[in-house]
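Colleague: I need the structure of the sequence given here:
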Amino acid sequence: MKSRILLISLSIVFLSGCVREESPLWYMTSDDSEINQHFKSICIDEYGHSSDSPSGLNRCIKAARKLSASEANSRLYQVGEQMQQMDMQRIQNHNTAVNNIKSGQQRLNVYNPSGQLGGYSQNGNWYNSDGTYAGFINKNNNIYGVDGQYIGFRKNNNYYNADGTYAGQSR
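Modeller: Numbers count the residues shown, from 1 in each chain. Predicted coordinates for the structure are as follows:
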């Protein structure tokens with residue numbers, strides 16, 4: 001699944017022609033002469049090397065290219081890690097919901113906008129994700145904290161804070 005998302009994302013970027021220099025996709029789609037020319041310009045313009053001194057210029061190109069490629073690879077790895085974490089969170093949310101259904105609990109999990117379990121309602125009561133009592137939901141779908149103060153409301157499967165900002169959804 002995550003490889004399919006990465007492939008689709010890379011295809012969209014590639015087809016749109018928006019490939020930024022020194023990005024992971026730029027390294028994947030550019031040939032060596034184009035990459036070397038890019039770093040040659042940097043070495044001359046930013047580091048003061050000269051075409052008259054090819055050995056120093058070549059060392060600069062090689063070093064700048066190696067550092068840049070390493071940073072691009074690191075960014076690509078971080079994106080992959082984030083995608084894997086999101087996928088694991090989705091699987092965990094699904095498994096939690098399935099387990100609740102199997103155990104016969106009248107529990108409605110609520111997930112925040114990031115997809116993480118934010119809390120749940122059960123038998124008219126509101127609980128934090130760790131299971132601590134946080135308040136109750138009345139028949140009008142208004143949510144009140146443990147101190148009886150109005151903290152938000154439920155509309156269909158969506159939850160909102162008292163100020164109307166979106167807080168999450170139930171699944």
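
Colleague: only C-alpha atoms for contact and neighbour calcs from this point on.
Modeller: OK.

Colleague: next structured bit after the longest helix seen in the chain?
Modeller: The longest helix of the chain (DSSP state H) is helix 54-102. The helix or strand immediately downstream of helix 54-102 is strand 107-111, counting by DSSP states H and E.

Colleague: thinking again about what came up before, tell me what angle the longest helix of the chain forms with strand 107-111.
Modeller: Between helix 54-102 and strand 107-111, the angle comes out at 160 degrees (axes from the mean of the first three to the mean of the last three C-alpha atoms, to 10 degrees).

Colleague: so how far is helix 54-102 from its chain's centroid?
Modeller: In terms of C-alpha atoms, centre = their mean, to the nearest Å, the centre of helix 54-102 is found 11 Å from the chain centre.

Colleague: can you give the domain ranges for the chain?
Modeller: Per the record, the chain has its domains at 2-101, 106-170, by automatic domain parsing.

Colleague: and these, which one averages the lowest pLDDT?
Modeller: Note on the domains of the chain: lowest mean pLDDT is at domain 2-101, with a mean of 83.

Colleague: coming back round to it: most tightly packed of the domains of the chain?
Modeller: Ranked by average neighbour count under the criterion mean count of other C-alpha atoms under 10 Å, these are headed by domain 106-170 at a mean of 16.

Colleague: span of that domain from start to end?
Modeller: One end of domain 106-170 to the other measures 13 Å (C-alpha to C-alpha, to the nearest Å).

Colleague: residue 26 belongs to a helix?
Modeller: Yes - under DSSP: H, G, I helix; E, B strand; the rest coil, residue 26 falls within a helix.

Colleague: work out for me the element the residue nearest to it when sequence neighbours are not counted sits within.
Modeller: Leaving aside its sequence neighbours, residue 26 sits nearest to residue 19 (C-alpha to C-alpha, 6 or more residues apart in numbering; 5.8 Å). Assigned by DSSP H and E, residue 19 falls within no helix or strand.

Colleague: so residue 19 touches residue 27, yeah?
Modeller: No - with contact defined as C-alpha atoms under 8 Å, residue 19 does not reach residue 27; the gap is 9.6 Å.

Colleague: how much space between the residue lying farthest from the centre of the chain and residue 44?
Modeller: Centroid-distance maximum for the chain: residue 52 at 46.9 Å, with C-alpha atoms, centre = their mean. Counting by C-alpha to C-alpha, the gap from residue 52 to residue 44 is 11 Å.

Colleague: likewise residue 143?
Modeller: Separation of residue 143 from residue 44 (C-alpha to C-alpha): 64 Å.

Colleague: ditto for residue 70
Modeller: 21 Å.

Colleague: quick one: contacts for the nearest residue to residue 65 once chain neighbours are set aside?
Modeller: In this structure, residue 65 finds its nearest non-sequential neighbour in residue 39, 6.6 Å apart by C-alpha to C-alpha, 6+ apart. Counting by C-alpha atoms under 8 Å, 6 or more residues apart in numbering, residue 39 touches 61, 64-65.
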